[in-house]
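Q: Model the following, please.
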Amino acid sequence: MNDFDFLHGTWQVANRRLTTPLAEPAGDTWTEFPGRAVVRPLFGGAGNIEEIDFDTLGRQGLTLRLYDHIAGQWTIHWSDSRTGRLDPPMTGGFTGDRGDFHGDDQYDGRPIRVHFAWHRLGPDTARWEQEFSVDGGLGWELNWTMDFTRIAESAA
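A: Residues are numbered from 1 along each chain as shown. Now for the predicted structure:
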């Protein structure tokens, strides 16, 4: 239930995003941009809310993570200031220091499977990755990574 406690606090986030996900032929041009995230706990660790600012892009994001006590798994919900809507949830959990979460969504009108992977790399570093699949999860394309570095509380 406390799988995401490591994420509470303020973070500098180095983003790397594939410019044209699911392009034919496959693209290999990446855009890099900074972010700053603040993650606060909810429900005694059974949830958290993350607000992230992408100042250079002029937009923000919000993630709501909730632990479902009955199912024994997490749901991750994302919203972006460009749309103002809550995207379909990703569900899953952690095994050791790796968390895997899957869900269904659409990209450019195409139905896709989405995979989020969380990597706990230490007390002050973490990594998140996003992959899309157009074939039901047989093949995956990595299209976004976020490298999190904790900002000391005195500097936050």
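
Q: For this protein, which residue occupies the most central location?
A: For the chain, the residue whose C-alpha lies nearest the mean C-alpha position (C-alpha atoms, centre = their mean) is Trp128; its distance is 5.6 Å.

Q: Report the mean confidence score over stretch 6-14.
A: Here stretch 6-14 scores 97 as its mean pLDDT.

Q: Mind giving me the packing neighbours of the helix or strand containing the residue nearest to the centre of the chain?
A: Using DSSP states H and E, the element containing Trp128 is strand 125-133. Helices and strands touching strand 125-133, by 3 or more C-beta pairs under 8 Å, 6 or more residues apart in numbering; DSSP states H and E, are strand 110-122, strand 141-150. (C-beta placed from N, C-alpha, C; glycine too.)

Q: Following the helix or strand containing Arg65 in sequence, what is the next regular element?
A: Per DSSP H and E: Arg65 is located in strand 59-68. Using DSSP H and E, the next helix or strand after strand 59-68 towards the C-terminus is strand 73-80.

Q: in that next one, what's buried?
A: In terms of neighbour count (16 or more other C-beta atoms under 10 Å), strand 73-80 has its buried residues at Trp74, Thr75, Ile76, His77, Trp78.

Q: Return the list of strands paired to whichever helix or strand comes after that strand, each annotated with direction.
A: Next in sequence after strand 73-80, counting helices and strands by DSSP H and E, comes strand 90-95. In the sheet, strand 90-95 lines up against strand 73-80 (antiparallel), strand 98-107 (antiparallel) (DSSP bridges).

Q: Looks to me like Leu22 is in a strand.
A: No. Leu22: not assigned to a strand; according to DSSP: H, G, I helix; E, B strand; the rest coil it is coil.

Q: how near is the closest residue to Trp78 other than its chain neighbours to His8?
A: Nearest non-adjacent residue to Trp78, counting by C-beta to C-beta, 6 or more residues apart in numbering: Asp87, 4.7 Å away. Asp87 is 23 Å from His8, where distance means C-beta to C-beta, to the nearest Å.
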